[in-house]
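Novice: Need a 3D model of the sequence below.
(chains A and B)
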Amino acid sequence: MSEIRTTNVEVRLPSRMGFEKVAMSTAASVAKLMGFRDDRVEDLKTAVAEACINAIEHGNRLNEKLSVGVVLSAGEDSLEVKVIDDGTGMKKQPAKPDIDRKMHGEEDARGMGMFLIQALVDEAEWVSGVDGKSSYVRLVIRLDKDQG
Amino acid sequence: MQSETKSHVDQLTSPAGHAVTVLRFEGDIASTSKEAVLGVYQALPKATNKIILLDFTKVDYINSSGIALVIQLLIEAANSGQKVYAYGLSAHFVKVFTMVGITKYAGLFPDQAAALAAL
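Specialist: Reported below is the predicted structural model:
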């Protein structure tokens, strides 16, 4: 049985808006090294940025004493990204955004981050940490066998 | 950390003779971009700026908060009887704008020439 080799890269971000771009760039660099197509790298960048924004804004509530952990695990045919904060995690998944409801003022114009994450990666799960700490979102994006 | 959003307004005329107001953005479109996106739009007189064209050619990064600002602009424009179009988005952000439904309320074009030719 062959051993699957995984390479980990870790980044810690301050809980300040804008620093999601550091995680985004790191994830893009790892994905490019793994051979992901440019369009999949762009998908990953947006998903990672949105996960970090949620962690900064909702998980750590912009408390700069807290940091957001980003762990990238590059496997043979997939890249897993965990974005970890000190919040209590998602109580429930928000509804899919509805542009018509937004345009008619029946729904907040915001609230698209989780939808974008789910739509742009192959797997996304939100895990609540024990004792209300170390909650995380786990994203997986897979290398297509036929991509060159 | 987020790059400042710059914006400015140009007044053009389409080949069909319509007055077109172009809002040109530069930098990131994020939560800090409210003044550059909504503020600049809201400063335009509604009665004389009926066709609004958003230029994203020099925008590298748009997050969900930035998309929400664009939607807020679309809501105000719809309520004021203005038409909004956009161009210059990368293929990725064309996909994202389509996924969230913006294309239902704002036509997208690849570049300024294509947009003006269609207006």
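Novice: At which residues are the strands of chain A located?
Specialist: Using DSSP state E, the strands assigned to chain A run over residues A:7-14, A:67-74, A:78-85, A:123-127, A:135-142.
Novice: which one of the ones you listed lies closest to residue B:25?
Specialist: Taking CB to CB, strand A:7-14 is the member of the strands of chain A nearest to residue B:25, at 25.6 Å. Yep, even glycine has a C-beta here, placed from its N, CA and C like the rest.
Novice: what is the mean pLDDT for the closest one?
Specialist: What strand A:7-14 shows for mean pLDDT is 97.
Novice: Residues touching it, excluding its own?
Specialist: Contacts of strand A:7-14 from elsewhere in the structure, counted by CB atoms under 8 Å, 6 or more residues apart in numbering or on different chains, are A:19-20, A:22-23, A:26, A:30, A:52, A:56, A:64, A:67-74.
Novice: what do you get for stretch A:125-136?
Specialist: Stretch A:125-136 is contacted from outside by A:59, A:69, A:82-90, A:93, A:114, A:137-138, using CB under 8 Å, 6+ apart.
Novice: out of the contacts of strand A:7-14, who's near chain B?
Specialist: A:19, A:20 (CB under 8 Å from any CB of the partner chain).
Novice: downstream neighbour of the longest helix seen in chain B in the secondary structure list?
Specialist: Longest helix of chain B, by residue count under DSSP state H: helix B:64-79. For helix B:64-79, the following helix or strand on the C-terminal side (DSSP states H and E) is strand B:83-87.
Novice: what sits against the closest residue to residue A:117 other than its chain neighbours?
Specialist: Distances taken as CB to CB, 6 or more residues apart in numbering or on different chains put residue A:47 closest to residue A:117, at 4.7 Å, once the chain neighbours are dropped. Applying CB under 8 Å, 6+ apart to residue A:47 gives the contacts A:81, A:116, A:117, A:120, A:121, A:124, A:139, A:141.
Novice: Most neighbours among these, please name it.
Specialist: residue A:81 (28 neighbours; other CB atoms under 10 Å in any protein chain shown).
Novice: Which residues of chain B lie near chain A?
Specialist: Taking CB under 8 Å from any CB as the measure of proximity, chain B contacts chain A at B:1-2, B:30-32, B:61, B:63-65, B:67-69, B:71-72, B:74-75, B:78, B:90-92, B:96, B:99-102, B:104-105.
Novice: Drop anything exposed from those residues.
Specialist: Using 16 or more other CB atoms under 10 Å in any protein chain shown as the burial test, the residues of chain B next to chain A include B:2, B:30-32, B:61, B:63-65, B:67-69, B:71-72, B:74-75, B:92, B:96, B:99-102, B:105 as buried.
Novice: one step back: buried by neighbour count, from the contacts of stretch A:125-136: which ones?
Specialist: Buried among those by 16+ other CB under 10 Å: A:59, A:69, A:82-87, A:89-90, A:114, A:137-138.
Novice: shaky segments in chain A?
Specialist: Where chain A drops to pLDDT under 70, the residues are A:1-4, A:145-148.
Novice: now with 50?
Specialist: Chain A contains residues with pLDDT under 50 at A:148.
Novice: Where is the longest helix in it?
Specialist: Longest helix of chain A, by residue count under DSSP H: helix A:38-54.
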